[in-house]
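Peer 1: quick check, what structure comes out for this input:
(chains A and B)
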Amino acid sequence: DAKTTQPNSMESNEEEPVHLPCNHSTISGTDYIHWYRQLPSQGPEYVIHGLTSNVNNRMASLAIAEDRKSSTLILHRATLRDAAVYYCIPTIAPGNTPLVFGKGTRLSVIA
Amino acid sequence: DAGITQSPRHKVTETGTPVTLRCHQTENHRYMYWYRQDPGHGLRLIHYSYGVKDTDKGEVSDGYSVSRSKTEDFLLTLESATSSQTSVYFCAISARRQGAGYGYTFGSGTRLTVV
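Peer 2: Numbers count the residues shown, from 1 in each chain, chains lettered A, B, ... in the order given. Predicted structure coming up:
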């Protein structure tokens, strides 16, 4: 499994954009980059995933570096509901391989 | 998202007793997973299943067994509970997302306390 490095914690003001970085320098060419988040007292939930190109969905955007050794999850306008632990997870394919979780980044949002 | 429910939501049990946690899904997905989450360790994979009667071990499988006799149910059993198995247990399924490959959906968790 590719090793990931994420900041332990980050803080953002409400309605400001948030950029959550992830380094995955050992990622293989076939690994997808998944992002999940875990709200307090809940199970993790899917946020977004990508392979090489930047990706957008209703929750967030994912910017992937050209060398694929890092990626950034972008929340365009943080809300209090976005306070959670965010996990960056490289995995072989967006299929049925078990996800391997690291420690993630705890995002705090200040009103 | 696929319906996935875990039961019970909370349980307190005594050391040495057997405990079974249930994960139930409503949409016939093939792959199911059990994780535990402890402070300082994050989520760790216990066992997973890739079909009826097909299971495999994860990172922290010692002291746990699983069974999948039908597609919709994945059971996690602690044969003889120990205090080190006090944890929050999450079940997950992986399912194809519309236009986005596969995604994993997690249950709400079971908080187990072994006293």
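
Peer 1: alpha carbons only for contacts and neighbour counts from here, please
Peer 2: Noted.

Peer 1: in contact with the residue nearest to residue B:50 when sequence neighbours are not counted, which residues?
Peer 2: Sequence neighbours aside, residue B:31 is the residue nearest to residue B:50 in space, at 4.6 Å (criterion: CA to CA, 6 or more residues apart in numbering or on different chains). By CA atoms under 8 Å, 6 or more residues apart in numbering or on different chains, the contact list for residue B:31 reads A:96, B:48-51, B:93-95.

Peer 1: report the central residue of chain B.
Peer 2: residue B:34 (2.8 Å; CA atoms, centre = their mean).

Peer 1: rewinding a little: so what's the residue nearest to residue B:50 scoring on pLDDT?
Peer 2: We have a pLDDT of 91 for residue B:31.

Peer 1: hmm, back to that, what comes up buried for the helix or strand containing the residue nearest to the centre of chain B?
Peer 2: Using DSSP states H and E, residue B:34 falls within strand B:31-38. Residues of strand B:31-38 classed as buried: B:31-37 (neighbour count, 16 or more other CA atoms under 10 Å in any protein chain shown).

Peer 1: can you check stretch A:20-36 too?
Peer 2: So stretch A:20-36, judged by 16+ other CA under 10 Å, has buried residues A:20-24, A:27, A:31-36.

Peer 1: how far is the helix or strand hosting residue B:11 from where the chain is centred?
Peer 2: Assessed by DSSP H and E, residue B:11 sits inside strand B:10-13. Relative to the centre of its chain, strand B:10-13 is centred 15 Å away, using CA atoms, centre = their mean, to the nearest Å.

Peer 1: many thanks, we can stop here.
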